[in-house]
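Asker: Sharing a sequence plus its predicted fold:
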Amino acid sequence: MELNKLENLLDTIITQSESELTSDLKYTLNESKKVLLKSYDSLENEYDKIINDGKKESDKITKQILGSAELESRNKQLAMLEEYIEKVFSKVISKLENMTRTNAYSKFLSSLIEESIKILGTSDIEVSITNKDEKIIESALNKFTTVKLSSERITCLGGIKVRSKNGTMMLDNTIDARLANMKPLIRKEIATKFGVNN
């Protein structure tokens, strides 16, 4: 009898303990689910933030790489363009150095003298020329009574340097000066034609 009581008591304790343990486990499971659900939302937000930050950083790096590549490409285009322009100018200069002084060139010198008179605002000028132009300048000077030829010779491709007789005004109207003035405009026009902006 005592043994039965003891067994019943033990069964009751075990059943009660089992019930409490089951209840505790269910409670713990439910609480864990709640924590996991809260964590899941937080983790999902953190995951989205990491992905978005990664995309932003990737876009930034991509733009930097593309920008650097575009800049490098543009610089190479400009360098090639400059090299091409220099070659063209070298050929032009070579032709000008070896050009024959014709009547057309004499007319060109006359037009340079007329232009110089307009720019300086006086016809009392002295004209300096190259040694090559000595023979041809006379016909260019014939129509200008107040223009004198300087004994000073200049070194250039052709054209004239002018100064007023009182020496206060000077004008470089040489082919070299004209080429130097035209070079940036020609460079810009070629760059525009080839789609390379300076």
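Answerer: Structure's in. What do you need?

Asker: Leu43: neighbour count?
Answerer: 11 (other Cβ atoms under 10 Å). Heads up, the C-betas are built off the backbone N, CA and C, glycines and all.

Asker: Check the gap between it and Gly67 for me.
Answerer: Distance, Leu43 to Gly67, using Cβ to Cβ, to the nearest Å: 36 Å.

Asker: the helices in the protein, which residues?
Answerer: 2-97, 103-120, 134-141, 175-193 (DSSP state H).

Asker: Which of those sits closest to Cys156?
Answerer: Proximity of the helices of the chain to Cys156 was assessed by Cβ to Cβ; the nearest stretch is helix 175-193, lying at 4.6 Å.

Asker: what mean pLDDT does the closest one have?
Answerer: Across helix 175-193, the average pLDDT comes to 86.

Asker: Sketch out the low-pLDDT regions of the protein for me.
Answerer: 1-3, 6, 9-10, 196-198 (pLDDT under 70).

Asker: rewinding a little: Arg163: which of the helices of the chain is closest?
Answerer: helix 103-120 (8.5 Å).

Asker: where's the closest one relative to the chain centroid, distance-wise?
Answerer: Relative to its chain's centre, helix 103-120 lies at 40 Å (Cα atoms, centre = their mean, to the nearest Å).

Asker: Buried by neighbour count: which residues of it qualify?
Answerer: By 16 or more other Cβ atoms under 10 Å, the buried positions in helix 103-120 come out as 105-106, 108-110, 112-113, 116-117, 120.

Asker: again with stretch 122-134
Answerer: For stretch 122-134, by 16+ other Cβ under 10 Å, it's 122-123, 125-130, 132-133.

Asker: distance between the ends of that stretch?
Answerer: 23 Å (Cα to Cα, to the nearest Å).

Asker: Please list the outside residues in contact with it.
Answerer: 101, 109, 113, 116-117, 137, 141, 144, 146-150, 152-158, 160-166, 169 (Cβ atoms under 8 Å, 6 or more residues apart in numbering).

Asker: what about it, distance to the chain center?
Answerer: 43 Å.

Asker: now swap in stretch 70-79 and tell me
Answerer: Worked out by Cα atoms, centre = their mean, stretch 70-79 lies 7 Å from the chain centre.

Asker: got it, and stretch 117-134?
Answerer: 41 Å.

Asker: Same question for stretch 67-77.
Answerer: Counting by Cα atoms, centre = their mean, stretch 67-77 comes out at 8 Å from the chain centroid.

Asker: let's have the chain start at 738 instead
Answerer: I'll keep to 738 as the first residue from here, and by that count the last item is stretch 804-814.

Asker: How much space separates Arg924 from Ala816?
Answerer: Taken as Cβ to Cβ, the span from Arg924 to Ala816 is 13 Å.

Asker: Between the two, which has more neighbouring residues?
Answerer: The residue with more neighbours, out of Arg924 and Ala816, is Arg924; 19 against 10, by other Cβ under 10 Å.
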